[in-house]
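Asks: Next come a sequence and a model predicted from it.
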Amino acid sequence: MDIRIAQDQQTWDGFLSKQQFRPFLQSWTMGEVYRDTNQPPIRLEAIDEDKTVGICQAIVVNARRGRHLAVPYGPVISGKMILDALKEEALKRHCSFIRLSPFLPEGQLALSSQHVALSSPLHLLAEHIWYIPLQTPNPWEEETTTSKPVTEEEILKGMRKNTRNLIRRAEKEGVTIEASTHPLRDLDTFITLHEETRKRHQFTPYTNTFFEAQVRHFSARNECTMYKALYDGEVIACSIHMHAFGETSYHHGASTHAHAKIPASYLLQWTAIQDALKRGDHVYNFWGISPEGQSKHPFAGVRTFKTGFGGQLLEIAHCIDVPLKSRYYATRAFETFRKWRRGF
């Protein structure tokens with residue numbers, strides 16, 4: 001077994017596309033997004049007899065609370081095979097710890113007993129994932145070589161009655177949905193709505209530089225769609241969806257409060273789901289929701305909206321921290337306090 005720096009996008013993405021879980025945050029293209037936001041990717045691949053058997057994309061996070069190596073929704077590989085190489089790369093870059101956030105069901109990431117690994121005080125990314133299987137059998141529950149697509153009627157039947165009614169109401173109110181043919185050109189429209197949404201809900205946003213880099217890189221590969229919901233000629237809701245490796249991910253959303261009673265976002269999501277079916281995608285990923293029963297959780301507000309479309313919950317493994325230097329424990333204390341303050 002050999003661990004080395006990856007050099008070829010086709011080999012990297014080809015391996016990722018064949019996995020049961022294919023998080024686009026581990027794609028080569030996403031690495032270029034990180035590069036444009038001053039976080040050059042560290043791409044490691046495991047080779048066995050000239051065959052790629054695992055990949056891991058990491059970035060250095062230069063945070064005040066502690067410089068560390070983050071692995072967003074990775075590694076896509078057994079942890080035993082990659083952690084030594086990650087530690088070497090992290091120490092080269094003066095990191096005090098590694099934070100792994102694997103896109104795997106709880107208990108499936110294996111780490112060697114020789115490594116100290118602690119449950120992270122904070123999550124790196126969403127860990128309660130709401131999704132709609134677009135094929136049967138469910139591709140996130142069962143690996144199979146034979147499958148068939150679900151139908152629009154089956155998805156509608158699985159929705160909450162109120163969600164179906166709001167989709168129909170949006171249509172009756174005259175809402176129309178456009179898939180932008182120039183998402184980079186239309187990005188200012190999204191950013192304006194997103195800034196209003198951020199102020200309304202008081203969350204920490206991605207930077208405009210990040211939005212620009214992500215839309216530019218993924219749209220160049222036809223892997224990004226920006227949807228615009230129009231009412232009386234005005235864009236009142238907007239979203240950015242990624243569709244790569246047979247999965248559509250609802251990644252960013254925004255809306256104006258000026259027309260809060262117009263259920264445009266329901267029709268927007270339904271349009272994106274219909275498009276995913278037309279592409280032959282196997283999963284529609286709504287991303288994060290709050291854990292059940294946690295009404296004070298920051299994601300509690302979107303739980304009702306997302307789960308109303310029907311679907312299933314995937315609970316993935318919580319973040320794992322691998323301390324490298326003693327200063328990590330100061331970071332850990334700070335983040336534990338921060339977690340309490342934020343309601344997680």
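Replies: Perfect, thanks for sending it. Residues are numbered from 1 along each chain as shown.

Asks: Need the CA coordinates for the helix or strand that Gln10 is a member of. PDB is fine.
Replies: Element membership of Gln10 [criterion: DSSP states H and E] is helix 9-17. Taking Å, rounded to 0.1, in the frame of the first residue of the first chain, the C-alpha atoms of helix 9-17 are listed here in PDB:
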ATOM      1  CA  GLN A   9      -8.400  14.600 -11.700                       C
ATOM      2  CA  GLN A  10      -9.800  11.900 -13.900                       C
ATOM      3  CA  THR A  11      -8.500   9.100 -11.700                       C
ATOM      4  CA  TRP A  12      -9.600  11.000  -8.500                       C
ATOM      5  CA  ASP A  13     -13.100  11.700  -9.600                       C
ATOM      6  CA  GLY A  14     -13.500   8.300 -11.300                       C
ATOM      7  CA  PHE A  15     -12.800   6.600  -8.000                       C
ATOM      8  CA  LEU A  16     -15.200   8.900  -6.100                       C
ATOM      9  CA  SER A  17     -18.000   8.400  -8.600                       C
END
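
Asks: Mind checking the pLDDT average for that helix?
Replies: Mean pLDDT, computed over helix 9-17, is 97.

Asks: quick one, phi psi at Ser219?
Replies: The phi/psi pair for Ser219 (degrees, to the nearest 10) reads phi -70, psi -30.

Asks: Test my guess that it contacts Arg185.
Replies: No - the criterion here is Cβ atoms under 8 Å, and Ser219 misses it with Arg185 at 10.0 Å. From N, CA and C alone the C-beta is placed, and that goes for glycine too.

Asks: neighbour-wise, which of those two wins?
Replies: Ranked by neighbour count (other Cβ atoms under 10 Å), Ser219 and Arg185 place Ser219 first, with 20 against 11.

Asks: The more buried one: what's its closest spatial neighbour, skipping adjacent residues?
Replies: Excluding the flanking residues, the one nearest Ser219 by Cβ to Cβ, 6 or more residues apart in numbering is Pro183, at 4.9 Å.

Asks: Repeat that for Gly246.
Replies: Nearest residue to Gly246 in three dimensions, chain neighbours excluded: His282, at 4.8 Å (Cβ to Cβ, 6+ apart).

Asks: what sits against that neighbour?
Replies: Contacts for His282 (Cβ atoms under 8 Å, 6 or more residues apart in numbering) come out as 133-135, 139, 147, 246-247.

Asks: and the residues you listed, which two are the farthest apart?
Replies: Ser147 and Glu247 (13.8 Å; Cβ to Cβ).

Asks: Of these two, which one has the most company?
Replies: Neighbour tally, Ser147 and Glu247, criterion other Cβ under 10 Å: the higher count belongs to Glu247, 22 against 15.

Asks: what kind of secondary structure is Thr146 in?
Replies: coil (DSSP: H, G, I helix; E, B strand; the rest coil).

Asks: If you tally nearby residues, what's the number for it?
Replies: What Thr146 shows, counting by other Cβ under 10 Å, is a neighbour count of 7.

Asks: Give me the pLDDT for it.
Replies: Note on Thr146: pLDDT of 86.

Asks: can you check the one 5 residues further on too?
Replies: The predicted local distance difference test score for Thr151 is 98.

Asks: That one: how many residues sit nearby?
Replies: The number of residues packed near Thr151 is 11, by other Cβ under 10 Å.

Asks: residue ranges for the helices of the protein, please.
Replies: Listed in chain order, the helices of the chain (DSSP state H) span 9-17, 28-36, 79-92, 152-158, 161-172, 187-201, 208-219, 264-279, 300-307, 328-342.
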